[in-house]
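*Asks:* All I have is the shape, not the residue letters:
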């Protein structure tokens, strides 16, 4: 687990990949910005205390694509590995009403990333995916809204 402090907010990132590739052949950077509301049943946010995040890979499957060279010069091998998963974000915060202690909200951010498979792929090869969270930031927009920014590296090993 990786842990760091940013503006007095503690971030804990759990690495949940079952198989972490050691010989990464190809990868893709995935970044996103999201705005979430605090549920109506939860109190307003005063201060974000802790953010816990993890990833879950649901599936990695191969799709057949055209072969050739793309407009940006990438060699298209005829196959892509599509990694489908979820980014789980748990935010612990203090409310204006300090009697309740820490409050918790959970968010689930689905993702799907197609990655061109290397040219030495054969139909008998095993394909392993991993997701590493490189950057995560949660900011308070107002007492009812959060801004989440994330950068993930999705890697495929054949």
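*Replies:* Structure received. In this text, all values refer to a predicted model and were calculated from it rather than measured experimentally. Numbering: from 1, shown residues only.

*Asks:* can you give me how far the strand or helix carrying residue 104 is from the chain middle?
*Replies:* If you go by DSSP states H and E, residue 104 is part of strand 102-116. How far strand 102-116 lies from its chain's middle: 6 Å, per C-alpha atoms, centre = their mean, to the nearest Å.

*Asks:* Packing partners of that strand?
*Replies:* The contact analysis (3 or more C-beta pairs under 8 Å, 6 or more residues apart in numbering; DSSP states H and E) places strand 102-116 against strand 26-37, strand 47-69, strand 75-94, strand 145-157. For glycine as for every other residue, the C-beta is placed from the backbone atoms N, C-alpha and C.

*Asks:* for these, which one sits closest to residue 120?
*Replies:* For these, the distance to residue 120 is smallest for strand 75-94, at 8.9 Å, taking C-beta to C-beta.

*Asks:* low pLDDT regions in this protein?
*Replies:* Within the chain, the stretches with pLDDT under 70 are 1-25, 98-100, 121-125.

*Asks:* how does it look with 50?
*Replies:* Scanning the chain for pLDDT under 50 picks out 4.

*Asks:* buried sites along the helix or strand residue 130 falls within?
*Replies:* Of the helices and strands defined by DSSP H and E, residue 130 is found in strand 128-142. Using 16 or more other C-beta atoms under 10 Å as the test for burial, strand 128-142 gives 128, 129, 130, 131, 132, 133, 136, 138, 140.

*Asks:* got those as CSV, with distance to residue 59 columns?
*Replies:* Below are the buried residues of strand 128-142 laid out as CSV (distance: C-beta to C-beta, whole Å):
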residue, distance to residue 59
128, 12
129, 9
130, 14
131, 13
132, 18
133, 19
136, 23
138, 27
140, 34
